[in-house]
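K.L.:
Predicted model and sequence below, questions to follow.
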Amino acid sequence: MPADSPARRTASGPVHAARKAFYGAFYRLPGRWRRRLVRLLKRRFTVGAVMLVRTTDGKLLLLRQPPGNGWSLPAGLMDRGERPEQTAVRELGEETGIRLTTDDVEAAVPNAVVHSEGWIDCVFVATVEPDTAVDVDGAEVYEAVFHPVDALPPLTVPTAKLLGHYGMGPYAAYPETRT
């Protein structure tokens, strides 16, 4: 191989020297300082959990929440030390009165959906009987209703995008939502 071939070239110049100096200094820092620097410089994400609850006859549970500009899914943010499936089950109970255990839910495929707005949703699925009662508080949730998947009401944009990953809703045919 000739000496000037791309496989044998090494980077040089002022940019390379600056990068080399930066990484040399960075890796000499104590581990906790490196972690703090990374946390300061890297994009931060908020992590939540979402439940896709379907009845045995195929209807999907949707919520109408303030401000009421579309229907959404039972979901919420993880508490410190909580596992995603615990968050999903807790939020479902708080928002709809439907009490499940972590053994009653499965990870959806894909399980994690990264939104361009800066949050990550861990998605779980559960199946309930069609006559499952819902109990909403009227403050955080106005209504919780099981809707036929082929006749969904107007959805919030994040809900429509998320459902597209699972072949449902108005974005189901968009290739960028399919994994």
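P.N.:
Ah, there it is.

K.L.:
all contacts plus neighbour counts: C-alpha atoms, from now on.
P.N.:
Will do.

K.L.:
How many residues are close by Pro67?
P.N.:
When neighbours are counted by other CA atoms under 10 Å, Pro67 registers 9.

K.L.:
That should have said Met168, apologies.
P.N.:
Burial of Met168 is recorded as 17 neighbouring residues (other CA under 10 Å).

K.L.:
do Ala88 as well
P.N.:
For Ala88, the neighbour count with other CA under 10 Å is 29.

K.L.:
Where does the residue nearest the centre of the chain sit: helix, strand or coil?
P.N.:
Centroid-nearest residue in the chain: Asp121, 1.2 Å away (criterion: CA atoms, centre = their mean). Counting by DSSP: H, G, I helix; E, B strand; the rest coil, the backbone at Asp121 sits in strand.

K.L.:
Walk me through the domains of the chain.
P.N.:
The record's domain parsing of the chain by automatic domain parsing lists 1-42, 46-177.

K.L.:
Compare the mean pLDDT across those and name the weakest.
P.N.:
For these, mean pLDDT drops lowest on domain 1-42, to a mean of 67.

K.L.:
mind checking how far Thr132 is from Leu163?
P.N.:
Per CA to CA, to the nearest Å, Thr132 is found 22 Å from Leu163.

K.L.:
out of these two, which sits in the busier spot?
P.N.:
Between Thr132 and Leu163, counted using other CA under 10 Å, the more crowded position is Leu163 (21 against 10).

K.L.:
how about the helices in this structure?
P.N.:
Taking DSSP state H as the criterion, the chain carries its helices at 14-28, 31-41, 84-96, 157-164.

K.L.:
Tell me which of the ones you listed lies nearest to Lys59.
P.N.:
Checking the helices of the chain against Lys59 by CA to CA gives helix 157-164 as the closest, at 13.5 Å.
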